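> Please work out how this folds:
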Amino acid sequence: MVRFNLVNLLINIDHVATLRNARQESFPDPIEAARLCEEAGADGIVFHLREDRRHINDLDVAKLKQIVQGKLDFELSTNDSIVDICCDTCPELATLVPERREEITTEGGLDVIKYQSHITSTVSRLTNAGIAEVALFVDPVIDQIKATQDTGATCIELHTGDFANATLHQNQAQELERLNAAAQFAHESQLKIHAGHGLDYENYRLFAESVPHVCEVSIGFAVIAKSIFVGLGNAVAEMAQLVKH
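Got it, this is the predicted structure:
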């Protein structure tokens with residue numbers, strides 16, 4: 001029998017801002033999108049304030065803090081100026097992610113082992129600012145999760161991109177095994193487990209059946225893309241139904 005955890009769904013609204021910025025318009029408004037997502041069943045909102053401000057900008061951040069009723073997840077790099085903004089915003093959750101200017105989207109997890117000292121310092125700044133949860137976005141690698149324990153972070157967000165991009169059944173099964181082992185280890189290490197990147201309407205159920213202890217998922221592109229055809233409220237409601245049932 002399949003056992004499902006109670007999982008919160010956070011919707012990433014970055015790509016609404018991407019569309020707005022493509023024509024340097026004032027619409028579509030990511031703030032309105034956030035409101036619609038919560039009305040349709042999302043438990044919270046995710047955004048990534050990048051150093052180059054390619055989608056979400058500083059004004060968006062301030063407005064999201066004001067209007068989001070559920071959980072607000074501020075994704076950020078360890079850049080000092082961005083960390084300052086996150087500390088001033090004081091979201092419920094801050095998720096540290098790697099960031100490269102030339103990437104189209106986040107391509108992998110943090111190298112916590114290599115940059116442990118700097119990451120630990122950043123986690124301390126975020127925690128001291130009153131942010132309740134600090135997560136590290138990591139690949140499903142046990143050594144990276146061990147290093148995460150020592151930074152003071154309270155959560156991990158498992159990078160699910162390799163699973164989502166796997167084309168062969170064998171490769172997909174291997175990635176699920178890695179995610180399962182990582183989730184088991186993190187759970188035993190008293191870390192809360194989030195997951196995200198590439199999860200969608202087609203692959204989520206298999207992920208949920210295979211990876212235990214996940215309490216929160218971040219899903220963005222799949223929902224925003226589907227909303228073009230069915231509307232944002234319907235797209236979010238369908239994903240919420242899938243995640244929660």
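
> which SSE is the most centrally placed residue in the chain in?
Central residue of the chain (Cα atoms, centre = their mean): Ser218, 4.2 Å from the mean position. Per DSSP states H and E, Ser218 falls inside strand 214-219.

> Okay, buried residues for that strand please.
Val214, Glu216, Val217, Ser218, Ile219 (16 or more other Cβ atoms under 10 Å). Quick note: C-beta positions are derived from backbone N, CA and C, even for glycine.

> related to what we said a few turns ago, could you measure from the residue nearest to the centre of the chain over to Phe137?
Here the criterion is Cβ to Cβ, to the nearest Å. By it, Ser218 lies 9 Å from Phe137.

> Common neighbours of those two, please.
Thr95, Glu157, Gly196 (Cβ atoms under 8 Å, 6 or more residues apart in numbering).

> May I see these arranged in a markdown table, with pLDDT as well?
Output for the shared contacts of Ser218 and Phe137, formatted as a markdown table (pLDDT from 0 to 100):
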| residue | pLDDT |
| --- | --- |
| Thr95 | 98 |
| Glu157 | 98 |
| Gly196 | 97 |
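
> just checking, which of those residues belong to strands?
Of these, the ones assigned to strands by DSSP state E are Thr95, Glu157, Gly196.

> Neighbour-wise, which one of these leads?
For those, the largest neighbour count, defined by other Cβ atoms under 10 Å, is 29 neighbours, found at Glu157.

> That residue contacts Val134, correct?
No: counting by Cβ atoms under 8 Å, Val134 is not a contact partner of Glu157; they are 10.8 Å apart.

> Quick check: neighbours shared by these two?
Thr95.

> which residues touch the helix ranked longest in the chain?
With secondary structure taken from DSSP state H, the chain has its longest helix at helix 169-188. Residues outside helix 169-188 that contact it (Cβ under 8 Å, 6+ apart) are 140-142, 145, 148, 156, 158, 160, 162-163, 166, 193, 195, 206-207, 210-214.

> could you give me the average pLDDT of it?
Across helix 169-188, pLDDT averages out at 95.

> Next, the angle strand 214-219 makes with it.
130 degrees (axes from the mean of the first three to the mean of the last three Cα atoms, to 10 degrees).

> Just give me how far helix 169-188 sits from the chain centre.
18 Å (Cα atoms, centre = their mean, to the nearest Å).

> Export only the CA atoms of that helix, formatted as CSV.
In CSV, the C-alpha atoms belonging to helix 169-188 read as follows (Å, rounded to 0.1, in the frame of the first residue of the first chain):
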residue,chain,number,x,y,z
HIS,A,169,13.0,4.1,-16.8
GLN,A,170,16.3,2.7,-15.4
ASN,A,171,17.8,6.2,-15.0
GLN,A,172,14.6,7.4,-13.4
ALA,A,173,14.6,4.5,-10.9
GLN,A,174,18.2,5.3,-10.0
GLU,A,175,17.4,8.9,-9.3
LEU,A,176,14.5,7.9,-7.1
GLU,A,177,16.7,5.6,-5.2
ARG,A,178,19.2,8.4,-4.6
LEU,A,179,16.3,10.7,-3.5
ASN,A,180,14.9,8.0,-1.2
ALA,A,181,18.2,7.4,0.5
ALA,A,182,18.9,11.1,0.9
ALA,A,183,15.4,11.7,2.4
GLN,A,184,15.8,8.8,4.8
PHE,A,185,19.2,10.1,6.0
ALA,A,186,18.0,13.7,6.4
HIS,A,187,15.0,12.5,8.3
GLU,A,188,17.2,10.5,10.7
